[in-house]
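Q: I would like to see how this sequence folds:
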Amino acid sequence: QVQLVESGGGLVQAGGSLRLSCAASGSIFVFNAMAWYRQAPGKQRELVAVLRSGGSTNYTDSVKGRFTISRDNANNTLWYLRMNSLKPEDTAVYYCNADIRPRSSWPGHEYWGQGTQVTVSS
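A: Here you go, the predicted model:
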């Protein structure tokens, strides 16, 4: 079984920064991808950023140039979302997500964290 635990959310003023962390534990053979999603009140959950096993990244247009997804160099089961120049419209619950192969012969499976609230005040 794999568990993902987020941390780092909170309340910040517009223009400020936050860094979210996601720690994975359990049976992990390899990560196919690591990602962050968010869900604002009354809206559908959306993909914010993804980091694939080959190192490529993608961001939703609204966060390009402001957010950065990265993986910890020393602990490859830990990844981050650095959020700069935050705007009130970034307010949402942020979820970490990963596509993980628990065993070498098993296919990838998607896992989710419990979510962490990010609130940006104007």
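
Q: Secondary structure class of residue 62, three-state.
A: Here residue 62 takes the helix state, with states given by DSSP: H, G, I helix; E, B strand; the rest coil.

Q: Apart from its neighbours in sequence, what residue is nearest it?
A: residue 89 (7.4 Å; CB to CB, 6 or more residues apart in numbering). (Glycine included, C-beta is placed from N, CA and C.)

Q: Give the full set of residues in contact with the one you found.
A: Residues in contact with residue 89 (CB atoms under 8 Å, 6 or more residues apart in numbering) are 40, 62, 120.

Q: before we move on, what about residue 93?
A: Per CB under 8 Å, 6+ apart, neighbours of residue 93: 38-40, 115-118.

Q: remind me which residues of this structure are low pLDDT?
A: Judged against pLDDT under 70, the chain has no low-scoring part.

Q: spatially speaking, which residue is in the middle of it?
A: The structure's the chain has its C-alpha centroid closest to residue 36; by CA atoms, centre = their mean the separation is 2.6 Å.

Q: In terms of helices and strands, where is that residue?
A: Element membership for residue 36 (DSSP states H and E) is strand 30-39.

Q: who does whichever helix or strand comes after that strand pair up with?
A: Proceeding N to C from strand 30-39, the next assigned helix or strand is strand 46-52, under DSSP H and E. Here strand 46-52 is paired, per DSSP bridges, with strand 30-39 (antiparallel), strand 57-59 (antiparallel).

Q: Show me the one of those strands that comes nearest residue 71.
A: strand 30-39 (6.6 Å; CB to CB).

Q: Now do the strands for the chain: every range, in order, please.
A: Counting by DSSP state E, the chain has these strands, from start to end: 2-7, 10-13, 18-26, 30-39, 46-52, 57-59, 67-71, 78-83, 92-101, 109-112, 116-121.

Q: returning to that earlier point: just the strands paired with strand 46-52: most buried one?
A: Across the strands paired with strand 46-52, the average number of neighbours (mean count of other CB atoms under 10 Å) peaks for strand 30-39, which reaches a mean of 20.

Q: got the contact list for residue 16?
A: Contact analysis of residue 16 by CB under 8 Å, 6+ apart lists 86, 120.
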